[in-house]
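1. generate a structure from the sequence data that follows.
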Amino acid sequence: MGETKHILKRSEQKKENMWSTEDIFASDEAWKAEFAAIKGEEQALAVYAGRLSESPEVLLEYLRKSEELGLRIEDLYNYTFLKNDEDTKNTVYQGLKGQMTGYLVQFQQATAFETPEIIAIPEETLQKFYEECPELRLYERYMYRVRRRKEHILSQAEESILAAAGEMAETPTQMFVNFVNADLTFPSVKDVTGEVYPLTNSTYIALMESPKAGLRRAAFENLYTTYEKYKNTEAAMLNAEVKKNIFFARARKYGSAREAALDRTEVPVSVYDNLVQAVHQNMNAMHRYTALRKKLMQLDELHMYDVYTSLVPDCDKKISFDKAKEDVLAAMQVFGPDYCAVLERSFEERWMDIYENEGKRPGAYSAGVRVHPFILLNHKDNLDSEFTLVHELGHAMHSYLSTKNQPPVYADYVIFVAEVASTCNEALLMQYLLGRTEDKKERAYLINYFLEQFRTTVYRQTMFAEFELKIHALAEAGEALTADVLKEIYYNLNREYYGDAMEADPLIAIEWARIPHFYYNFYVYQYATGFSAAMALSRRILTEGESAVKDYLKFLSSGCSADPISLLKIAGVDMTTPEPVSQALQQFDELVTEMEALMA
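-> Here you go, the predicted structure:
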C-alpha cells in the first residue's frame with residue numbers, strides 16, 4: 001500500500017508561507033486591548049440620534065466619527081476573520097469572531113437612526129448644507145446611495161429591529177462553514193497502486209484533475225455519498241439562508257430577494273436576465289465542448305467526474321509556487337513598473353497564506369484589509385493554482401489601488417465589479433503563456449485550460465445563478481425547499497447545461513450541498529458577467545496598449561466613487577447589453593474549433 005499524503009498542521013507551516021496578520025494586530029492580546037477600547041464607542045454615535053438634520057456641521061461631525069470607528073471595527077473583524085480561516089477548528093478564533101459579530105450588531109443597533117434620518121432631510125435642505133459646508137461634499141455620493149433607496153428604508157424603530165436580527169441572520173452561513181469545513185470528513189481514496197489520497201473539500205478538485213479514471217470516480221463517489229448522508233441537514237441550512245434573504249427583502253418592500261440583492265450595488269435586474277439569456281442562446285458551444293471531451297478521451301460514456309481532467313494529460317507538469325510567481329510577474333508587465341512593484345511587495349511582505357493545513361478554509365480569496373490586502377491560497381503546484389494566484393492578485397490590486405486613491409468612504413468596490421480585475425489577470429496570463437510556446441500539444445493543453453475557465457466561470461456560474469434564482473422563486477411562492485426538491489432542480493440544470501454527450505450521474509444532484517456561494521445572496525452571477533467584461537478588457541489592453549491600460553487602472557482606482565456600470569464604461573465595456581457575454585461565448589466557440597484542429 002502506498003504512503004498516505006500528509007497535510008500539515010498549522011504549527012508545522014513555515015513563517016514565510018503564512019500571511020502577516022501581525023500587520024493588523026501584533027498579537028491576540030493587542031486585538032483584545034483594541035476590542036476593549038472600542039466597546040461603548042458606538043454610544044458616542046448614538047447621541048447624534050435626532051440631530052443629523054440640525055446643521056451641516058453636526059452631520060459632517062457624525063459622518064467623520066462614524067467613519068473613524070468603522071475603520072477600527074473593520075481591522076478588528078478582519079483579524080478574527082483571517083485567523084479563523086487559518087484553522088477553522090481553532091476554538092479561540094471561533095470565540096473572537098463570535099465576539100466581533102456580537103459587537104457589530106450592537107454598532108448597527110446604535111447607528112440604526114442614521115439611514116432614516118439622512119433620508120428624511122429635505123433635498124433643498126441638503127443642497128443648502130453642501131453650500132454652507134463644502135467639506136460635506138466629500139460624502140455627497142454616499143448620501144445619494146443612501147437616499148436613492150428611500151422607499152426601502154424603514155422607521156428608526158424598524159431599522160433597529162432589523163439590525164438586531166443581524167447576528168441571527170449570520171447563523172445559516174456560519175453553520176454551513178463549520179459543518180462543511182470543520183466537522184465533515186470524507187473517506188480517503190486509493191489508486192490502483194494502493195497509494196492513499198486524503199479527500200477534503202480542498203483536495204477534491206485536484207483529485208478530479210487526475211488522469212486516473214478510477215481515482216476520479218472514487219473521489220467523486222466518496223465526496224458526494226458523504227454529502228448525500230446529510231442532505232436533509234444541508235437542505236435545512238440552505239432553506240434558512242433563502243428564507244433569510246426573502247425576509248429582509250420583504251421587510252424592505254422589494255418585489256423579490258434578487259431585486260433587493262442587486263439594488264444594493266445599483267445593478268439592474270435586466271443584467272442578470274441578459275446573462276442567462278445570452279448563455280442559453282450559446283448553449284450549443286457548451287454541448288460541442290462536452291462532445292469533444294468525450295471524443296478526445298475516447299470514452300463510451302462521459303461522466304461528471306471526467307470534466308476536470310486535462311484533455312492533454314501528458315503535458316501536465318509541476319508548477320512550483322516560485323515558478324507561478326515568476327510567470328505572473330512577467331505577464332503583468334503590461335501594466336507598467338508601478339503596478340509590478342506592488343506585486344513584488346505582496347510576495348516580500350507576506351500578504352498571502354500559501355499552502356493547505358489541517359482545518360484551513362478551502363479555496364482561495366483576497367481580503368481588502370486597510371493595512372494591505374491578504375490572500376488565502378491552497379497552492380497545489382499545478383496550472384490551476386498558478387491561475388488562482390494571478391486571479392487573487394487581481395482582487396488584491398483592485399483593493400490596493402482603490403484604498404490608495406479613494407477616501408475610506410469610497411474605498412470598497414461593489415461586488416458587481418469584484419471579479420473583473422481577477423479574471424482580466426487570468427486572460428492576460430493565458431495570452432502570455434500561449435505566446436511563449438510553439439508546441440502544438442502544449443498549446444492544446446493551455447487552450448484546454450482556458451476552455452475550462454469558460455466552462456466553470458461563465459457556463460457553470462450561470463447555472464449556479466439559475467439554481468439560486470429558481471430556489472428563491474419557489475420559496476417566495478411558498479414552496480418548501482426539501483432536499484429532494486433541491487436535488488431535482490440541480491440535476492435537471494446539469495442535464496440542460498452539459499447536453500446529451502454527458503452521463504448526468506445521479507450523485508451530481510447533491511453538489512449544491514458543498515457550494516459556499518449559495519450563501520452569498522445572489523453573488524455568483526457576477527463571476528460570469530465579470531469574466532465576460534474581463535475578456536473584453538484584456539483584448540483592449542493587448543491591442544490598444546497604453547491608453548487602454550490607463551483607462552483600466554483608473555477603473556481599478558475608483559472604488560465605489562460611481563455606480564459599477566459607469567465605472568466599467570470608463571474601462572471600456574458596457575454591461576447593460578448582452579453583447580459582452582455573447583462575445584465572450586463566441587470566443588469560447590472559436591477556441592473549441594481550434595482545439596478540434598490541434599487535436600486532429
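2. when you work out contacts or count neighbours from here on, use the C-alpha atoms and nothing else.
-> Will do.
3. strands of the stretch 1-150 of the chain, residue ranges please.
-> With DSSP state E, counting those that start in this stretch, there are no strands along the stretch 1-150 of the chain.
4. any low-confidence regions in it?
-> 1-5 (pLDDT under 70).
5. who touches Asp500 in this structure?
-> His287 (C-alpha atoms under 8 Å, 6 or more residues apart in numbering).
6. so which helix or strand takes in it?
-> Under the criterion DSSP states H and E, no helix or strand holds Asp500.
7. avg pLDDT for stretch 328-336?
-> In this model, stretch 328-336 has an average pLDDT of 97.
8. any idea how far the nearest residue to Phe321 once chain neighbours are set aside is from Lys83?
-> Closest residue to Phe321 apart from its sequence neighbours, by C-alpha to C-alpha, 6 or more residues apart in numbering: Asp381 at 6.3 Å. Going from Asp381 to Lys83 by C-alpha to C-alpha, to the nearest Å gives 24 Å.
9. look at those two and report which has more neighbours.
-> Neighbour comparison, Asp381 and Lys83: the larger count goes to Lys83, with 20 against 17 (by other C-alpha atoms under 10 Å).
10. which residue packs closest to that one, ignoring adjacent ones?
-> Tyr93 is the one closest to Lys83 (C-alpha to C-alpha, 6+ apart), at 6.2 Å.
11. correct me if wrong: the one you found contacts Glu86.
-> No - between Tyr93 and Glu86 there is no contact, the gap being 9.4 Å when judged by C-alpha atoms under 8 Å.
12. any regions of this structure where pLDDT drops low?
-> Short version for the chain, where the test is pLDDT under 70: 1-5.
13. strands along that one, start to end?
-> 189-190, 196-197, 302-303, 352-353, 365-367, 374-376, 502-503 (DSSP state E).
14. right, and the ones you listed - which one's nearest Asp574?
-> Proximity to Asp574 (C-alpha to C-alpha) singles out strand 365-367 among the strands of the chain, at 25.8 Å.
15. starting at the chain centroid, how far to that closest one?
-> 8 Å (C-alpha atoms, centre = their mean, to the nearest Å).
16. listing partners with orientation, what would you give for it?
-> Strand 365-367 pairs in its sheet with strand 374-376 (antiparallel), by DSSP bridges.
17. one step back: okay, the strands of the chain, which one's buried deepest?
-> The highest average neighbour count among the strands of the chain, using mean count of other C-alpha atoms under 10 Å, belongs to strand 374-376 at a mean of 26.
18. number of residues surrounding the nearest residue to Gly214 once chain neighbours are set aside?
-> Leaving out its chain neighbours, the residue that sits closest to Gly214 by C-alpha to C-alpha, 6+ apart is Asp191, at 6.8 Å. Close neighbours of Asp191, defined as other C-alpha under 10 Å, add up to 16.
19. quick check on Asp191: phi, psi?
-> phi -100, psi -180 (degrees, to the nearest 10).
20. so which of the strands of the chain comes closest to Arg137?
-> strand 365-367 (28.9 Å).
21. which outside residues touch that closest one?
-> Identification of contacts with strand 365-367 by C-alpha under 8 Å, 6+ apart yields Pro373, Phe374, Ile375, Leu376, Leu377, Glu392, Leu393, His395, Ala396.
22. repeat for stretch 440-453
-> For stretch 440-453, the external contacting residues (C-alpha under 8 Å, 6+ apart) are 308, 310-313, 315, 430, 433-434, 437, 588, 591-592, 595, 598-599.
23. please repeat the previous calculation with a cut-off of 6 Å.
-> With C-alpha atoms under 6 Å, 6 or more residues apart in numbering as the test, stretch 440-453 has contacts from Val312.
24. same question, stretch 143-150
-> In contact with stretch 143-150 (C-alpha under 6 Å, 6+ apart) are residues Ile119.
25. can you give me the neighbour number for Leu591?
-> Neighbour tally, Leu591, other C-alpha under 10 Å: 19.
26. actually, Asn274.
-> With other C-alpha under 10 Å as criterion, Asn274 counts 19.
27. residue contacts, it?
-> Here Asn274 is in contact with Pro578 (C-alpha under 6 Å, 6+ apart).
28. so which of the strands of the chain comes closest to Gln461?
-> Nearest of the strands of the chain (C-alpha to C-alpha): strand 365-367, 16.7 Å.
29. rewinding a little: with distance to Ser561 added, can I get the strands of the chain in JSON lines?
-> Output for these, formatted as JSON lines (distance: least, C-alpha to C-alpha, whole Å):
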{"stretch": "strand 189-190", "distance to Ser561": "50"}
{"stretch": "strand 196-197", "distance to Ser561": "48"}
{"stretch": "strand 302-303", "distance to Ser561": "47"}
{"stretch": "strand 352-353", "distance to Ser561": "28"}
{"stretch": "strand 365-367", "distance to Ser561": "20"}
{"stretch": "strand 374-376", "distance to Ser561": "23"}
{"stretch": "strand 502-503", "distance to Ser561": "45"}
